[in-house]
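[1] Here's my sequence, what's the structure:
(one chain, ligands or ions: 1)
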Amino acid sequence: MGSRIRIIMGSQSDLETVDEAIKVLKEFKEPFEARVLSAHRTPKDLIAYIRSAENSGAKVFIAAAGGAAALAGVVAAHTCLPVIGIPIETKSLKGLDSLLSTVQMPPGIPVATMGIGKAGAKNAALCALSILGASDVRLRSRIAVFRKSNAAKIRKIRLKV
Ligand code: RP5
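    Numbers count the residues shown, from 1 in each chain. Modelled structure (predicted):
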């Protein structure tokens with residue numbers, strides 16, 4: 001069986017953003033697989049990958065794309081597993097294009113769309129872990145520890161104003 005989390009990005013250029021998700025998954029020691037596959041440039045390979053991922057233990061997909069970002073929606077169209085979308089920040093429209101392309105899905109085919117860029121990528125990993133955590137109490141308690149440690153960091157802040 002392969003990893004439960006499968007990350008797909010539309011281009012190698014998306015990796016800089018997706019890396020924020022990868023860092024979180026590594027911190028949680030959650031195995032994942034990451035691939036470059038494009039809804040527009042390699043549509044048949046994408047669908048073949050979704051099928052093989054479903055048959056090898058995938059539980060959740062993360063899909064990152066920029067511009068005319070059809071990727072997450074196309075993944076969602078081909079699987080009943082949860083799909084989390086990361087809209088990549090673009091030079092021309094600052095990622096608003098990616099956000100709208102990813103979030104504005106027709107009723108019936110949902111994509112859990114995160115915020116634009118690196119924050120969205122980090123949250124995509126955390127969202128995927130929460131989905132797995134719904135049936136994995138140990139993972140859920142590790143997410144709680146992660147949040148407590150973030151809260152502790154914020155409480156420590158002393159502003160010199
Ligand atoms: C999208 O086009 C990709 O997800 C990427 O964000 C964007 C630009 O791709 P490259 O020209 O960098 O390959 O499909």
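[2] mind listing the helices for the chain?
    15-27, 43-54, 71-77, 96-103, 118-133, 137-156 (DSSP state H).
[3] So which other helices or strands are in contact with the fourth one?
    Right, helix 96-103. Applying 3 or more CB pairs under 8 Å, 6 or more residues apart in numbering; DSSP states H and E, one finds that helix 96-103 contacts strand 60-65, helix 71-77, strand 83-87, strand 112-113. All C-beta spots, glycine's among them, are computed from the backbone N, C-alpha and C.
[4] swap the cut-off to 7 Å and go again
    strand 83-87 (3 or more CB pairs under 7 Å, 6 or more residues apart in numbering; DSSP states H and E).
[5] Tell me, how many residues neighbour Ser13?
    11 (other CB atoms under 10 Å).
[6] scratch that, His78
    Neighbour number of His78 under other CB under 10 Å is 17.
[7] Could you pull up the residues touching the residue nearest to it when sequence neighbours are not counted?
    Excluding the flanking residues, the one nearest His78 by CB to CB, 6 or more residues apart in numbering is Ile50, at 4.7 Å. Contact partners of Ile50, counting by CB atoms under 7 Å, 6 or more residues apart in numbering, are Val75, His78, Thr79.
[8] related to what we said a few turns ago, any chance of the helices of the chain in TSV, plus mean pLDDT?
    Supplementary listing: the helices of the chain in TSV, determined by pLDDT from 0 to 100:
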stretch	mean pLDDT
helix 15-27	98
helix 43-54	98
helix 71-77	98
helix 96-103	98
helix 118-133	98
helix 137-156	97
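[9] hey, which of those helices is tucked in deepest?
    Across those, averaging neighbours per residue (mean count of other CB atoms under 10 Å) puts helix 71-77 on top, at a mean of 26.
[10] which helices and strands does that one pack with?
    Against helix 71-77 (3+ CB pairs under 7 Å, 6+ apart) you get strand 60-65, strand 83-87.
[11] run the last query once more with 10 Å
    strand 5-9, helix 43-54, strand 60-65, strand 83-87, helix 96-103, strand 112-113 (3 or more CB pairs under 10 Å, 6 or more residues apart in numbering; DSSP states H and E).
[12] Tell me how far the third one lies from the chain's centre.
    Centre-to-centre, strand 60-65 and its host chain are 4 Å apart (CA atoms, centre = their mean, to the nearest Å).
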